[in-house]
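> Build me a model:
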Amino acid sequence: METINKIGVEFFEKNPAILPSFIPVAINRDGQPWAIGLNGHMLFAGSAGSGKNSAIDALIRQLAPFIDTGAVKLYGIDPKDQLRPYGLSRLFVALAGGAFAPDTFEIIAGVHAEIKERLANKKIDLDSGNLGRSHEPTESSPATVLLIDELDSLLYLLGGAGAEGKAVARKLEEILLFGRSAGVYMVATTQSVHKDALGRMRDNFHTVVLFRQGSVYVNDLILGEGAAERGFNSTTIPLASPANNYETAGIAYARDAVGKPEKIRFAYTSDNDIAALIREYIKN
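Down below sits the predicted model:
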C-alpha cells in the first residue's frame, strides 16, 4: 500500500494555525499541508486503534494559542476517559470523563443554552451586509468547540438513560442543527457512521474523515460512489503496530475542497509531546 511519510510535532512548528478557520493538521500525497477549520462540524471515523486520536491531538495543539487569547473555548466529553490528561491544563473550560457523570449533562446543556442565547441576540446590519448567518470569533464572542470522543458510544449510553438521556441526545442534535451560525461547533470521533449508531446526526457533519474501517459501503458513502475502486479505500489501511513500525499510523481519507477524495496523513503527537503542551498551558 502506498503510504505518506510520517510527520511529527515539527509539522505544527512549521505550519501554525493563523486563523481558527484554517488549521493545518495533516499532509496530503504531495506533502502539502491539509487543513480543517472552525466553520462547520467535524467527524473523525474509524475502528479502534485506527488513529483518530492523532486528529484530536493535532486539533487541540493547533487551537491552543487561540484558546489562550480567548478567541476559542473548548469543552470535552470523553466516555472512555482518554482525554483526562488535558484536564490538567487550562485548554478545556470543562472536561467530562464519563457518559453518566453529572458534568457530561451539564456541559451539553451549557453549550446548547449558549447557542440559544447567541441566536436570540444576533444582530442584523443591512448596511454592512451582515445578515447574522456567520460568526467571527472574538474574545467577547469566541468560537465554542464541543469535542466528543466516541460519539457513538455516548449516544448508546444515553439511549439507555431513560427520559433524561433522550433529552440530552436531543440537545446534541440541536447543537449540530443550529450551532454553526452561532459559532458553536461539534468535533467528534466515532467507530461507526451507520444510521443505527448516529441517526440523523451524521448528515449534519460538514467534514468527515475516514480512518481504517471495515465497510466498503461506508467508504463510498462518505468519499463518493466508486471511491474504493479508484483507490481511495479506507478498508485496506493496515493496522498500525510495532510489527510495521507504525507505518500506517494517522493515514486517512477525506474529500478535498471540490468534493474529490484524497489520502492524508495526520501529524503524530507522542505522549511526551502532549505532556509538554499540557505543561505549557498548565492550570495556575
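> Mind jotting down where the helices sit in the stretch 151-284 of the chain?
Assigned by DSSP state H, counting those that start in this stretch, the stretch 151-284 of the chain shows helices spanning 151-159, 162-178, 195-198, 216-223, 271-280.
> Give me the buried positions along the longest one.
Right, the one you point to is helix 162-178. Under the neighbour-count criterion of 16 or more other Cβ atoms under 10 Å, helix 162-178 has 165, 168-169, 171-172, 175-176, 178 buried. Every residue, glycine included, has its C-beta placed from N, CA and C.
> So what's the residue count around P65?
Number of residues near P65 (other Cβ atoms under 10 Å) recorded here: 15.
> correct me, but it touches P16?
Yes. Counting by Cβ atoms under 8 Å, P16 is a contact partner of P65 at 7.5 Å.
> so what's in contact with those two at the same time?
Counting by Cβ atoms under 8 Å, 6 or more residues apart in numbering, no residue touches both P65 and P16.
> what's D220 in contact with, if anything?
226-228.
> Let's see that with 6 Å instead.
227-228 (Cβ atoms under 6 Å, 6 or more residues apart in numbering).
> could I get the helices of the stretch 151-284 of the chain as TSV with distance to A249 and mean pLDDT?
Output for the helices of the stretch 151-284 of the chain, formatted as TSV (distance: least, Cβ to Cβ, whole Å; pLDDT from 0 to 100):
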stretch	distance to A249	mean pLDDT
helix 151-159	22	90
helix 162-178	29	94
helix 195-198	25	88
helix 216-223	19	93
helix 271-280	14	96
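> Dump those helices to TSV, plus distance to L38.
As requested, these are exported to TSV (distance: least, Cβ to Cβ, whole Å):
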stretch	distance to L38
helix 151-159	18
helix 162-178	14
helix 195-198	21
helix 216-223	21
helix 271-280	19
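> Lovely, talk soon.
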